[in-house]
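Visitor: Return atomic coordinates for the entry below.
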Amino acid sequence: MRAPFQAPMEGLPDRVTIYEVGPRDGLQNESAILPVEVKAELVARLARAGLATIEATSFVHPKWVPQLADAEELLGRLDRVPGVRYPVLVPNERGLDRALGLGVTDIAIFGSATETFARRNLNRSVDGSIEMFTPVVERALDAGLAVRAYLSMCFGDPWEGPVPVEQVVRHGRRLLDLGCSQLSLGDTIGVGTPGHVTALLRAFAEAGVGPERLAVHFHDTYGQALANTLSALRAGVTVVDASAGGIGGCPYAQSATGNLATEDLVWMLSGLGVETGVDLESLVGTSVWLAGELGRPSPSRVVQALAGKPPAEEEE
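Guide: Here you go, the predicted structure:
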């Protein structure tokens with residue numbers, strides 16, 4: 001079979017927006033550094049596959065993320081498709097200056113739900129990171145940009161252990177209060193479970209933050225990403241982050257399998273009768289090509305199942 005049998009479930013959205021993070025979050029955690037022309041081709045292929053939001057790159061200092069050191073050149077090479085958004089991650093005002101100079105229309109900031117990760121990743125406290133983000137968001141909004149916020153370590157932290165739900169809600173609301181239009185809740189080390197997801201989203205709702213302002217970003221370290229996604233959809237979330245081919249490991253969890261694979265997500269949603277606008281065959285072809293460029297097989301189970309199998313072979 002090259003497509004799942006459709007059996008819709010009650011209580012799910014009719015359509016889900018996939019926020020493709022492969023070119024940024026995926027590639028920044030790969031050991032291989034791809035040439036800029038390959039990255040540009042990746043973004044173009046993802047757009048042709050029907051993905052309408054593709055996070056293209058990051059303006060983090062090249063010293064810390066050498067895989068994305070060619071951000072300016074990449075943005076200059078993109079053949080932008082009408083209706084497709086190409087957000088970039090910016091860590092501070094210097095990153096914002098670079099983005100504004102290149103005509104970027106969508107940015108994202110990256111916060112933390114825990115103090116330890118904030119200091120390790122941003123070299124400052126959670127309070128200090130909010131202070132750093134405040135002028136970034138204000139200036140971006142004044143310039144007419146859309147601003148998304150990521151909140152990492154929402155379910156567990158490798159140094160602090162389980163993260164209290166109320167702590168995640170408190171810090172998440174602070175990012176939204178800056179003026180961010182959307183908050184992506186990240187299971188950075190992949191330890192969340194469906195009940196935990198439901199409890200967190202319920203706590204946000206009780207704090208006045210509905211699912212229309214939230215997205216989810218799951219890692220599949222413990223094989224829970226799709227189950228967690230289904231819980232989020234049942235709670236009303238309609239934006240799901242995913243990475244083509246499942247690229248990008250997690251540097252904070254040994255043997256982590258990385259991001260939820262976009263193909264695995266599309267297969268599940270297709271079987272549930274939920275629209276995504278994504279062509280699965282085109283996407284699988286892109287991830288097979290990308291795996292060759294990276295020099296390693298795709299961890300996506302759907303890519304593994306469909307890659308190289310002619311229809312006749314599958315009917316036997």
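
Visitor: host element of residue 288?
Guide: helix 280-294 (DSSP states H and E).

Visitor: Distance from the chain centre to that helix, please.
Guide: Averaging C-alpha positions (Cα atoms, centre = their mean, to the nearest Å) puts helix 280-294 18 Å from its chain's average.

Visitor: what comes into contact with the helix or strand just after that helix?
Guide: Per DSSP H and E, the first helix or strand lying C-terminal to helix 280-294 is helix 301-306. Where contact means Cβ atoms under 8 Å, 6 or more residues apart in numbering, the residues beyond helix 301-306 that reach it are 2, 245-246, 261, 263-264, 266-267, 280-281, 284, 287-288, 291, 297-298. In short, each C-beta sits where N, CA and C put it, glycine included.

Visitor: hmm, which of these are the buried ones?
Guide: Among these, those classed as buried by 16 or more other Cβ atoms under 10 Å are 245-246, 261, 263-264, 266-267, 280, 284, 287-288, 291, 298.

Visitor: got a list of what the nearest residue to residue 122 once chain neighbours are set aside touches?
Guide: Counting by Cβ to Cβ, 6 or more residues apart in numbering, residue 129 is the residue found nearest to residue 122 once chain neighbours are left out, at 5.0 Å. Shown in contact with residue 129 (Cβ under 8 Å, 6+ apart): 111, 112, 118, 122.

Visitor: just residue 308 next, same as before
Guide: Residue 308 makes contacts with residue 288, as judged by Cβ under 8 Å, 6+ apart.

Visitor: distance of it from residue 262?
Guide: The gap separating residue 308 from residue 262 is 19 Å, by Cβ to Cβ, to the nearest Å.

Visitor: quick one, strands of the protein?
Guide: 17-20, 53-54, 57-58, 88-89, 106-112, 146-152, 156-157, 161-162, 182-187, 214-218, 239-242 (DSSP state E).

Visitor: Let me know which of these is the nearest to residue 134.
Guide: Closest to residue 134 of the strands of the chain, according to Cβ to Cβ: strand 106-112, at 10.1 Å.

Visitor: So what are the sheet partners of the closest one and their directions?
Guide: Applying DSSP bridges to the sheet, strand 106-112 is found paired with strand 88-89 (parallel), strand 146-152 (parallel).

Visitor: just to revisit the earlier point, run through the neighbouring helices and strands of the helix holding residue 288.
Guide: Contacts defined by 3 or more Cβ pairs under 8 Å, 6 or more residues apart in numbering; DSSP states H and E place helix 280-294 against helix 36-48, helix 262-271, helix 301-306.

Visitor: Please work out which of these is packed deepest.
Guide: Compared across the helices and strands packed on helix 280-294, helix 262-271 shows the largest average neighbour count, a mean of 24 (mean count of other Cβ atoms under 10 Å).

Visitor: follow-up on the earlier one: next, the angle from the helix holding residue 288 to helix 262-271.
Guide: 170 degrees (axes from the mean of the first three to the mean of the last three Cα atoms, to 10 degrees).

Visitor: Contact partners for residue 13?
Guide: Residues 233, 236, 238, 274 are the ones in contact with residue 13 under the rule Cβ under 8 Å, 6+ apart.

Visitor: From residue 206, how far out is it?
Guide: Separation of residue 13 from residue 206 (Cβ to Cβ) stands at 21 Å.

Visitor: How about residue 117?
Guide: Distance of residue 117 to residue 206, given as Cβ to Cβ: 25 Å.

Visitor: Neighbour count: the two, which is higher?
Guide: residue 117 (22 against 9; other Cβ atoms under 10 Å).

Visitor: Isn't the more buried one up against residue 151?
Guide: No: under the criterion of Cβ atoms under 8 Å, residue 117 is not in contact with residue 151, lying 10.4 Å apart.

Visitor: re the thing from before, ok, of the contacts of helix 301-306, which one's closest to residue 48?
Guide: When the contacts of helix 301-306 are ranked by distance to residue 48 (Cβ to Cβ), residue 281 comes first, at 11.6 Å.

Visitor: Excluding chain neighbours, give the residue nearest to that closest one in space.
Guide: Here the residue nearest residue 281, using Cβ to Cβ, 6+ apart, is residue 2, at 7.1 Å.

Visitor: Compute the distance between the one you found and residue 284, please.
Guide: 9 Å.

Visitor: The closest residue to residue 195 other than its chain neighbours: neighbour count?
Guide: Nearest residue to residue 195, sequence neighbours excluded (Cβ to Cβ, 6+ apart): residue 231, at 7.6 Å. Residue 231 has 22 neighbouring residues, counting by other Cβ under 10 Å.

Visitor: Show the contacting residues for residue 231.
Guide: By Cβ under 8 Å, 6+ apart, the residues touching residue 231 are 194, 195, 197, 198, 201.

Visitor: can you check residue 42 too?
Guide: Residue 42 makes contacts with 22, 23, 34, 244, 286, 290, as judged by Cβ under 8 Å, 6+ apart.

Visitor: Appreciated, that's everything.
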